[in-house]
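1. Below are the sequence and a predicted model; questions follow.
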Amino acid sequence: MPSTAMSLPSSDSENISIKGEYVHIRELAIKNLELGKLLSAVDVTSRNDIFIELVETALYVNRLANTTADVKELNTVAVQVRETMQSAGEKAFTDLQKLIEGQSDDANSLSLISLLKTKLVNQVIAELDPTKDTSPFHSINRQLALLLGAQGEEIGQKSADANSPQHGRDFNKTMDGLLQRLASQTGDQALYTNDIPSETGRKVGDEVITIDSNFTHGHAAAVVWEFKAVKTVTQTAALTEISEAMENRHAQSGVFVLARTEHNANWAPFSMFHGRRAIVVVDQDNVDELIIQYAHIWSRVEAIRSFGVQQEGIDSDRLVVLIEEAEKSFKGLTQVKSAHTGIQTSLNDAVKWLQITQDDLKIKLSEITKLINETKEVSE
């Protein structure tokens, strides 16, 4: 169904704006009945995800048609096959016309023209079925099937892995290992408390780092960490849970670490909040140790500062400045990593589709060679 796009009357600026890798769409109406029915059938909270999946699928198909020069060569082969079929069809129907003179009565179900309209047409359609190996359109069907199959398997596997309980436990183990190593470097004690209840019987708070008392003038200072590898967690819910964990584990500061998902894709890697709380977002399969180290240092300093004490020989103002400078450097590093990931993904996609195109070209050339040999045998 054709689609039309129109600006809403209240629009006073361009509807689609592009800033780097971000495309902003505002006050743009798309007229398409099929799209409207599809999005109406799903929950409101899922419509953005469904729309993005439609755009990504369209980009995959577009990439399939424009990946390399091999695709153009495939198109040339397809044109040659079509022209051969057209030429053969014209000759066949010319011969048939001589045979069906006097038998062109459409009302007669036994006439030759009636038989041609039913049996022959259906047979031609069946022979052109893209799912059949002998069909000249089989290569196109194979490409689409491979594309959709690979995409479905990738999305399904990622979804299944991300939602499994084992995946959450693996994420917790990864974080525990990092914090154990960081705590040992600063003379602190890290304890994995995920399954250990406090004196209240509650288990909220996955890891507690007890700060070396030499830095706190004898005060009992601790930092609590909470880890989550689930699909949807709001900032409000994360801050509420880390506050409960601070109270349950008697900690002066807290860090909530989230695995990156579509829901929090636009969140900053590190965010500070009132009450000595922070939220960190990381790749659950490749946790950035630098951001965890930064969060460890920040939370440790915040916990010590909560007592109003200052370690002798440490310039606290200079320490705060260094932490702020480290945050700026980390943001720059995150941008570079993001750009590198995009380039690597595009390169991998190009290599994959080049291989698929090469395989399809080999099949098409084999079919052409076979057709030529058969034609040669008939002429001899």
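-> Cool, got the structure.

2. element containing A238, please.
-> Following DSSP states H and E, one finds A238 within helix 235-248.

3. buried sites along that helix?
-> A238, L239, E241, I242, S243, E244, A245, M246, E247, N248 (16 or more other CB atoms under 10 Å). C-beta: built from backbone N, CA, C; applies to glycine.

4. again, but for stretch 284-302
-> Residues of stretch 284-302 classed as buried by neighbour count (16+ other CB under 10 Å): 284, 287-288, 291-302.

5. ok, so of the residues you listed, who is nearest T210?
-> Proximity of the buried residues of stretch 284-302 to T210 (CB to CB) peaks at R300, which lies at 10.7 Å.

6. tell me the two of the buried residues of stretch 284-302 that are most distant?
-> That would be Q284 and V301, which, of the buried residues of stretch 284-302, are the farthest apart (CB to CB) at 26.7 Å.

7. Quick check: which ranges of the stretch 101-250 of the chain have low pLDDT?
-> Under the criterion pLDDT under 70, the flagged ranges of the stretch 101-250 of the chain are 101-132, 135-168.

8. Where do the helices of it begin and end?
-> Remark: helices assigned in the stretch 101-250 of the chain by DSSP state H, counting those that start in this stretch are 112-115, 121-127, 138-163, 165-185, 235-248.

9. how much space is there between H296 and A29?
-> Per CB to CB, to the nearest Å, H296 is found 49 Å from A29.

10. measure V257 to D283 for me?
-> 11 Å.

11. quick one, which of these two is more surrounded?
-> Neighbour tally, V257 and D283, criterion other CB atoms under 10 Å: the higher count belongs to V257, 29 against 12.

12. now the angle from the helix or strand hosting that one to helix 165-185?
-> Following DSSP H and E, one finds V257 within strand 253-259. With axes from the mean of the first three to the mean of the last three CA atoms, to 10 degrees defining the directions, strand 253-259 sits at 140 degrees from helix 165-185.

13. what angle separates strand 253-259 from helix 235-248?
-> Taking the same axes, to 10 degrees, strand 253-259 and helix 235-248 form an angle of 140 degrees between their directions.

14. Alpha carbons only: can I get strand 253-259 in PDB?
-> Output of strand 253-259 as PDB, limited to C-alpha atoms (Å, rounded to 0.1, in the frame of the first residue of the first chain):
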ATOM      1  CA  SER A 253      26.900   5.800  49.100                       C
ATOM      2  CA  GLY A 254      25.500   3.500  46.400                       C
ATOM      3  CA  VAL A 255      25.900   2.500  42.800                       C
ATOM      4  CA  PHE A 256      23.300   0.900  40.600                       C
ATOM      5  CA  VAL A 257      24.800  -1.000  37.600                       C
ATOM      6  CA  LEU A 258      22.500  -1.700  34.700                       C
ATOM      7  CA  ALA A 259      23.100  -3.800  31.600                       C
END
